[in-house]
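[1] sequence unknown, structure follows:
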C-alpha cells in the first residue's frame, strides 16, 4: 500500500506555486500593457480553457483532502515513476519563471498581440517558439503522473490539441505584426520541441 501523504502535500504545493508564478507575471503584463479581451480566442476555446482550469485544480484539491474521492480517475503507477513526476513538475516551475521573465509584458491570455508587443528570441525562445506551452504541458503531465491520474493526463492531451489550433492564429498575428523578421525566426526555430538535428537544417513547423 502506497503512502499518499507526501504526494498529498507536494502536489497541491507544486500546483499553487506554478499557478502563483504565472499569475505574478501575467498581472505585471496586464498592469503595464492593459488587459486584452479573451474574446480574441472565441467562445469555444474560452469554454475549454475554463473547463480545464476548473477540472484539474479541482481534482487535485479533492485528492489532497481525501485520495479515495479521486479513485475512479486514478491508475496504478510505480512509486518511483510518481516521484519522477514530482521532480519533473518541480523543475518546470523555475523554467516557467525563466521564460515568462524573457516574455515580459508580451504575456497575453489570448492569441492577440499587445500594442507594444515585441518579438522575443532570447532565453528559451532561442530553442522553441512557444516554450510556455511546452513547459506548461510538461508541468501538468508531471502533476498527473505524480497523482497517478489518467484524467489529468487525458485533459492535458486534449488541451494541447486545442492550444495547437490556437497557436496557428497566434503565429498568423505575429507574422502580420513582424513580417519577414518573424518568418525568418520561425524557419530556424521549432514550434514546441528543440531541434536536435544539425545546425542550418530548416526547423519543423
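    In hand now; what should we look at? Computed from a predicted structure; not experimentally measured.
[2] Following the lowest-mean-pLDDT helix or strand in the chain in sequence, what is the next regular element?
    Least confident helix or strand of the chain, by mean pLDDT, DSSP states H and E, is helix 42-65 with a mean of 76. As assigned by DSSP states H and E, the chain's next helix or strand after helix 42-65 is helix 79-103.
[3] In the protein, where is pLDDT below threshold?
    1, 32-53, 108-116, 197-205 (pLDDT under 70).
[4] Report the secondary structure element holding the spatially most central residue of the chain.
    Geometric centre of the chain, nearest residue: residue 136, 2.1 Å, by C-alpha atoms, centre = their mean. Residue 136 belongs to helix 131-147 when assigned by DSSP H and E.
[5] Could you list every helix and strand that that helix packs against?
    Using 3 or more C-beta pairs under 8 Å, 6 or more residues apart in numbering; DSSP states H and E, the elements in contact with helix 131-147 are helix 5-33, helix 42-65, helix 79-103, helix 150-178. Where C-beta positions appear, they are placed from N, C-alpha and C, glycine not excepted.
[6] Determine how far that helix lies from the middle of the whole chain.
    Relative to the mean C-alpha coordinate of its chain, helix 131-147 is positioned 7 Å out (C-alpha atoms, centre = their mean, to the nearest Å).
[7] Give the buried residues for it.
    By neighbour count on 16 or more other C-beta atoms under 10 Å, the buried set for helix 131-147 is 131-147.
[8] Please name the spatially closest residue to residue 57 (chain neighbours excluded).
    residue 15 (6.2 Å; C-beta to C-beta, 6 or more residues apart in numbering).
[9] which residues touch residue 121?
    The contact partners of residue 121, by C-beta atoms under 8 Å, 6 or more residues apart in numbering, come to 185, 189.
[10] Enumerate every residue touching residue 148.
    By C-beta under 8 Å, 6+ apart, the neighbours of residue 148 are 74-77, 82.
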